[in-house]
Structure formats: structure tokens, C-alpha cells
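Undergrad: okay, structure incoming, though there's no sequence with it:
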């Protein structure tokens with residue numbers, strides 16, 4: 001029996017999205033920013049997304065590029081950051097399933 005027929009990606013991916021939505025999405029509009037998110041919102045509002053390169057150059061240079069790409073799209077709206085976090089968790093779950101399914 002083919003394992004791909006037992007758990008095709010087009011069934012698992014929506015299931016993981018529903019699971020992420022139920023787990024994190026119920027309170028997404030009420031969560032707001034966390035402790036370290038306030039500095040990110042400050043950088044976006046006052047210095048702009050290009051300021052992340054210098055701010056994270058020493059300890060987290062890859063994170064600066066991620067924030068430079070996502071900050072102009074998401075802005076300083078906490079709900080958009082929460083939805084982005086849910087989608088990131090879903091994508092990570094799909095990637096983990098894909099790797100484990102390949103093994």
C-alpha cells in the first residue's frame with residue numbers, strides 16, 4: 001500500500017491550519033504585543049524597517065533581514081503580527097510533516 005495515499009499533503013496541510021487556528025487564532029485579536037515586540041514596533045514606527053540591519057547586526061543578522069521583509073507589510077498592527085505568527089507556525093508544522101513523511 002502506498003503511504004502517499006494514506007496521508008496526502010492536501011489533507012494534512014488544511015488539518016494543520018485548522019489546528020493552528022484553533023490553538024492560537026481564538027485569542028489572536030486579544031493578545032497584542034509581547035515584551036520584545038514593543039522594540040520592534042518602536043523601530044518600525046520611528047526608524048523604519050531599514051534600521052533592523054544595524055540593530056541586529058551583532059547578535060542576529062538573519063533576523064534583521066526577516067524583519068526588513070515583513071515589517072513594511074505587517075506594520076505596527078498587533079493583529080497582523082499574530083496572524084503572521086499563526087501562518088508561520090502552520091508553515092513550520094507542514095515542513096516538519098513533509099520531512100517526517102519523507103523519512
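TA: Yes, it's here. Remember, predicted model here, so these are calculated numbers, not experimental data. Numbering: from 1, shown residues only.
Undergrad: just for this structure, where's the confidence low?
TA: Within the chain, the stretches with pLDDT under 70 are 1-7.
Undergrad: longest helix in it, by number of residues?
TA: In the chain, taking DSSP state H as the definition, the longest helix is helix 78-102.
Undergrad: now find how far off-centre that helix is within its chain.
TA: For helix 78-102, the separation from the chain centroid amounts to 7 Å (computed by Cα atoms, centre = their mean, to the nearest Å).
Undergrad: so which bits of it are buried?
TA: For helix 78-102, the neighbour count (16 or more other Cβ atoms under 10 Å) marks 78, 81, 82, 83, 86, 89, 90, 93, 94, 97 as buried. For the C-beta atoms, the positions are set from N, CA and C on the backbone; glycine is no exception.
Undergrad: wait, which of these is closest to residue 67?
TA: For these, the residue nearest residue 67 by Cβ to Cβ is residue 81; the value is 10.9 Å.
Undergrad: ok, the closest one touching residue 33?
TA: Yes: the pair residue 81 / residue 33 is scored as a contact, 7.4 Å apart, by Cβ atoms under 8 Å.
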